[in-house]
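> show me how the following folds:
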Amino acid sequence: MDFTGKVAIVTGGANGIGRAVCEGFVARGGKVAIVDRDAEAGEALAASLGKGNAIFRAADVTKAADIQAYVKATLDAFGRIDCFHNNAGIEGKIQPIVEVEEATYDAVMGVNVKGVFLGLKYVLPVMIRQGGGSVVNTASIAGLVGTAGMSVYVASKHAVNGITKVAAGEVGPQGIRVNAVCPGPIATRMVADIAKQVSPNHPESVEANYSAGIPLRRFGKAEEVANLVLFLLSDLASNITGGQYTVDGGRTAVPSSGMAQNQN
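Predicted coordinates for the structure are as follows:
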């Protein structure tokens, strides 16, 4: 996976999976625009990756003006956009459908669906002009199966998989590939927050209970998802588009209770 001379944008790039992708992309010769709401972490990551290798832009991915601004900043800094990890997402509250507030629905769908849509809307034209590119949207195994208590998040990630298929069909003739990754539980801030919501008094029990239903018997690591993302962004995946690829330790291969089920 050689990204020498290539440029990537990574949304949600300051922490977790996005951070691991930024680090892996630069380590393989590329340059990256880190996009996130967390300015402190984003600026620190850009500095650690080295001057000339990375820039940081704070953005709210639900706002078209912010997306246009990070696209422009990337072009101003590096002159092109070859790869796009459309990764920013939030989990929302864990609760039954009948208890979900409209504001929670709007917030989750805004970041997870509108943010992905707007990213595609403004990045794809650059790739079309260049005559090629590769996009990886971050979905989830929640985009493949349901989990009690996570109705809005599940709906949002099903939407990400759907828009991935449509985009792949639309821009394939222009030499642009669009795929999605579907992580299972990964040891990140988001999954830790879900565990605290599910079992405030014993969040560590959530990982133990859920891991028992995973064939590999553990949560994944951000770097393990990043490896899949980087492969799909690379020329090694030159005939792969429109797919949804799990990185979940086998979670969706076997029946199991969801992480958000009530636990003691």
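
> gap between the residue lying closest to Asp36 once chain neighbours are set aside and Ala46?
Distance criterion Cβ to Cβ, 6 or more residues apart in numbering; nearest residue to Asp36, sequence neighbours excluded, is Ala14 at 3.7 Å. Placement of C-beta: from N, CA and C, glycine included. Counting by Cβ to Cβ, to the nearest Å, the separation of Ala14 from Ala46 is 9 Å.

> got it, and Asn112?
25 Å.

> for Val98, same thing?
Taking Cβ to Cβ as the measure, Val98 falls 43 Å from Ala46.

> looking at these two, which is more packed in?
Ranked by neighbour count (other Cβ atoms under 10 Å), Val98 and Ala46 place Ala46 first, with 22 against 6.

> quick one: secondary structure of the more buried one?
Recorded secondary structure, Ala46: helix (DSSP: H, G, I helix; E, B strand; the rest coil).

> quick thing: my sequence starts at 57, can you match it?
All set: I'll call the first residue 57, so the last point we hit is now Ala102.

> next up, the contacts around it.
Contacts here follow Cβ atoms under 8 Å, 6 or more residues apart in numbering; on that basis Ala102 touches Ile90, Ala110, Ile111, Phe112.

> which of these fall within helices?
Among the contacts of Ala102, none falls in helices (DSSP state H).

> run through this protein and note the low-pLDDT ranges.
Residues of the chain meeting the criterion pLDDT under 70: 311-320.

> quick one, strands of it?
Ranges of strands in the chain, per DSSP state E, are 63-67, 87-92, 110-114, 139-142, 189-194, 232-239, 300-303.

> contact partners of the fifth one?
I take that to be strand 189-194. Outside strand 189-194, the residues that touch it by Cβ under 8 Å, 6+ apart are 68, 73, 137-145, 172, 176, 179-180, 182-183, 216, 219-220, 223, 231-237, 239, 285, 288-290, 293.

> what subset of the residues you listed is buried?
Among those, those that count as buried by neighbour count (16 or more other Cβ atoms under 10 Å) are 68, 73, 137-145, 172, 176, 179-180, 182-183, 216, 219-220, 223, 232-237, 239, 285, 288-290, 293.

> any idea how far Arg75 is from the spatially most central residue of the chain?
Centroid-nearest residue in the chain: Asn143, 2.6 Å away (criterion: Cα atoms, centre = their mean). To Arg75, Asn143 is 10 Å away according to Cβ to Cβ.

> which residues do those two both contact?
In contact with both Asn143 and Arg75: Gly69, using Cβ under 8 Å, 6+ apart.

> to Ala204, which of the strands of the chain lies closest?
Closest to Ala204 of these, according to Cβ to Cβ: strand 232-239, at 18.6 Å.

> C-alpha coordinates for stretch 95-106, PDB please?
Output of stretch 95-106 as PDB, limited to C-alpha atoms (Å, rounded to 0.1, in the frame of the first residue of the first chain):
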ATOM      1  CA  ALA A  95      -9.500  21.100  17.400                       C
ATOM      2  CA  GLU A  96      -7.000  20.300  20.200                       C
ATOM      3  CA  ALA A  97      -6.600  16.700  19.200                       C
ATOM      4  CA  GLY A  98      -6.600  17.500  15.500                       C
ATOM      5  CA  GLU A  99      -3.900  20.100  15.700                       C
ATOM      6  CA  ALA A 100      -1.800  17.800  17.800                       C
ATOM      7  CA  LEU A 101      -2.100  15.000  15.400                       C
ATOM      8  CA  ALA A 102      -1.200  17.200  12.400                       C
ATOM      9  CA  ALA A 103       1.900  18.400  14.200                       C
ATOM     10  CA  SER A 104       2.900  14.900  15.100                       C
ATOM     11  CA  LEU A 105       2.600  13.800  11.500                       C
ATOM     12  CA  GLY A 106       5.100  16.400  10.400                       C
END
